[in-house]
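Q: after the sequence you'll find the predicted model.
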Amino acid sequence: NDALRAAAAALDMHRAMPALTEELRTDLGLSERLHVHIGISLGEVIQSDGESEDGSGNGVTGISLSLAKRLSDIAGPGETLITQSIERLLTGRAECRHVGDVSLQGFAEPMPIRRLLALDVEEPGLTGTPFVDRETELAFLLERLERCRREKRAHVITVRGEAGIGKSRLIGEATKVARTRGFAIVRATILDFGGTRRRPIIEALAWRLLGLASDAGLAARQRVRNGLLEAMAGSADDRLFLDRLLGLPPDPQDAMTLEAMDNAAFRKGRLSFLVRLVAMEAAKRPVLFIIEDMHHADADWLDEIAGLVTAVNDVALTLIATWRSVESAEEGKWQERLLGLRTALLELDALADDDAMWLATNIAESNPSRVEAAVRQANGNPLFLEQIILHAEETAPDDLVGSDVPDLVKSLAQARMDRLPPVDHDA
């Protein structure tokens, strides 16, 4: 998710500028409003102990660094410009606008440039490629959802598979059907970046359940608060936990109560409030929670998620959680936390050769030989297959395959290497 990280950081920098301007206006008498101009590209660089090409002393050089610098040079105040490959990596998560084919100093050919407008880091990056070879798995998910609705009991489904194998794509198809059947769809992604700024996952789910975007403003949050307290005939405790959940300032009495509350009591009270919130929604219609990338969750978050699902065991709630294919100690502990609940494990394997060939043929515009070469390279991984074909058509239209490895495939391979034990990584 290198592109996602960079795009999120860029938009955060833009959002931070007004507050920084006010701070510097107060401290230093600054009269002009500050803006940043940002360019994003992706590629390999060389790091050394010497100075970089621009003399900054960070010892990093490479074409991608030069390209990002050129993009930042032509970006307007408050703008982030990105390459076409970055836009492709953000498919399903970003809103972009085509700037045009731009001639950049140091690059022989004009480049298609996009302006990054908005980003939703919690949404999965779904592509528009055809859905293939997952009919049995889709039927399994839909049958489980129907059982949840019929029994009015909580169900937990773990969908496991390697990166790019189609977990999000499968769940996306199930979500389309679930929505037509009246389910409330609540989706969130656990990110492996963001540090202490990350909202706890059960709070992110609650925001989605309340219809709030992750960047909802103060007025929107206050409207939701007032309406919900009226619907719940909320008590002082409800008000306290709802204000905290929505990031609203508590009244003085609630602030004193929070100050006197230890962490265990706070978490217990928050869980109780969230259980009521989910039960209220599930009384109106069945609820589908989808949590992507559970392998990024820490032990506390896994405890909170399992605690919430266990506490609402007698309502029509289905939780679908995705994990990477390698079994981990944390996944084992997650399964232990779910003892006594209705659970299922769905493992996604590589596409069969015939299905991979059909998918590749529907992606590629021409060249059957290129299709066969891409299928051999991708080894049944649909995302790799798509990226290999699109990258080849973009960078090497006259060759069977591209001249190098697509950026997304490089990124995923690097992420795998980063998770290796130090002795294996250094080897």
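A: On my side now, so go ahead. Residues are numbered from 1 along each chain as shown.

Q: what about the strands in the chain?
A: 38-40, 46-47, 60-61, 80-83, 94-102, 111-119, 155-160, 184-189, 287-292, 317-323, 342-347 (DSSP state E).

Q: buried sites along the fifth one?
A: Neighbour-count burial for strand 94-102, with 16 or more other Cβ atoms under 10 Å as criterion, is recorded at A94, C96, V99. Bear in mind the C-beta positions are built from the backbone N, C-alpha and C, glycine included.

Q: how about these in CSV, adding distance to L141?
A: Below are the buried residues of strand 94-102 laid out as CSV (distance: Cβ to Cβ, whole Å):
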residue, distance to L141
A94, 27
C96, 31
V99, 40
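
Q: skipping adjacent residues, who's closest to G100 in space?
A: Spatially, and ignoring its direct neighbours in sequence, G100 is nearest to I113 (6.7 Å; Cβ to Cβ, 6 or more residues apart in numbering).

Q: how about the one you found, what does it touch?
A: The neighbours of I113, taking Cβ atoms under 8 Å, 6 or more residues apart in numbering as the test, are L71, L81, I82, T83, Q84, H98, V99, G100, D101, V102.

Q: just checking, the second one touches D73?
A: No. With contacts counted by Cβ atoms under 8 Å, L81 stays clear of D73, the gap being 9.5 Å.

Q: now the common contact residues for these two.
A: Shared contacts of L81 and D73, defined by Cβ under 8 Å, 6+ apart, comprise G39.

Q: between the two, who's got more neighbours?
A: Neighbour count, other Cβ atoms under 10 Å: between L81 and D73, L81 has more, with 26 against 12.

Q: for the protein, give me the ranges with low pLDDT.
A: For the chain, the stretches with pLDDT under 70 are 1, 49-58, 122-129, 193-199, 234, 326-329, 364-367, 393-427.

Q: elements contacting the longest helix along it?
A: The longest helix of the chain (DSSP state H) is helix 2-28. Here helix 2-28 touches strand 38-40, strand 80-83, helix 84-89, strand 111-119, helix 407-418, going by 3 or more Cβ pairs under 8 Å, 6 or more residues apart in numbering; DSSP states H and E.

Q: starting at the chain centroid, how far to the first one?
A: Distance of strand 38-40 from its chain centroid, counting by Cα atoms, centre = their mean, to the nearest Å, is 20 Å.

Q: quick check: I86 touching I40?
A: Yes. Using Cβ under 8 Å, I86 is in contact with I40, at 5.5 Å.

Q: need the residues touching each of these two.
A: Joint contacts of I86 and I40 (Cβ under 8 Å, 6+ apart) are A3, A6, A7.

Q: adding neighbour count, write these out as TSV.
A: TSV is the format used below for the shared contacts of I86 and I40 (neighbours: other Cβ atoms under 10 Å):
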residue	neighbour count
A3	24
A6	21
A7	26
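
Q: got JSON lines for the residues you listed, with distance to S369 too?
A: Formatted as JSON lines, those follow (distance: Cβ to Cβ, whole Å):
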{"residue": "A3", "distance to S369": "30"}
{"residue": "A6", "distance to S369": "35"}
{"residue": "A7", "distance to S369": "35"}
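
Q: name the nearest of those residues relative to V121.
A: V121 lies nearest to A7 out of the shared contacts of I86 and I40, by Cβ to Cβ, at 8.4 Å.

Q: contact partners for the closest one?
A: Neighbour list for A7: I40, T80, I82, I86, L90, A94, L116, L119 [criterion: Cβ under 8 Å, 6+ apart].

Q: try 6 Å
A: For A7, the contact set (Cβ atoms under 6 Å, 6 or more residues apart in numbering) comprises L116, L119.
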